[in-house]
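Okay, structure incoming, though there's no sequence with it:
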C-alpha cells in the first residue's frame, strides 16, 4: 500500500491550501511556530548541530509532545494505530479513579488522605 493510502486508512486526510494564506494552513503554521520557539532556545555552533537539534525536535514533537487536536495523543500513536487502545485505557482508568474517589468520600474513616486535627492543646 502506498503512502497516501496508508494515511487514509488511519483517518489522516491530505489538505491543500493556498500559498501565504495562514488561515487555511493553521496546523502547519502552529508546527512552525513551535519549532521556531524550541530551536531558538539553543545557540547552534554549526549546521550539523542545527540538524541534530532539528532531528531531536522532530522526535519530541511526534513521540513525546501531546497534541490537543488529536485527543491529547502523540502523532505517532495515531499514525501507528494505537489511539483507540490508549483512549480505551484512559477511559478505564478514569472510571476506576471515579469509583475509588466515590468510595473514599462515602467512607471518610477509611480515607487515607483525610484531614488530621491540627489544633494545638490549649495552654489555659
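Ah, there it is. Just so you know, these numbers come straight off a predicted model, no measurement behind them.

Helices of this structure, start to end?
Assigned by DSSP state H, the chain shows helices spanning 3-9, 26-39, 47-59, 75-79, 83-106.

Please point out which parts of the fourth one sit buried.
Looking back up the chat, that one is helix 75-79. Within helix 75-79, the residues that count as buried by 16 or more other CB atoms under 10 Å are 75, 77-78. Yep, even glycine has a C-beta here, placed from its N, CA and C like the rest.

Same list (those residues) but as TSV, adding distance to residue 96.
Compiled in TSV, the buried residues of helix 75-79 are given as follows (distance: CB to CB, whole Å):
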residue	distance to residue 96
75	27
77	21
78	25
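
Looking at these, which one is closest to residue 97?
residue 77 (21.3 Å; CB to CB).

OK, contacts around the closest one?
Applying CB atoms under 8 Å, 6 or more residues apart in numbering, we find residue 77 in contact with 83, 86.
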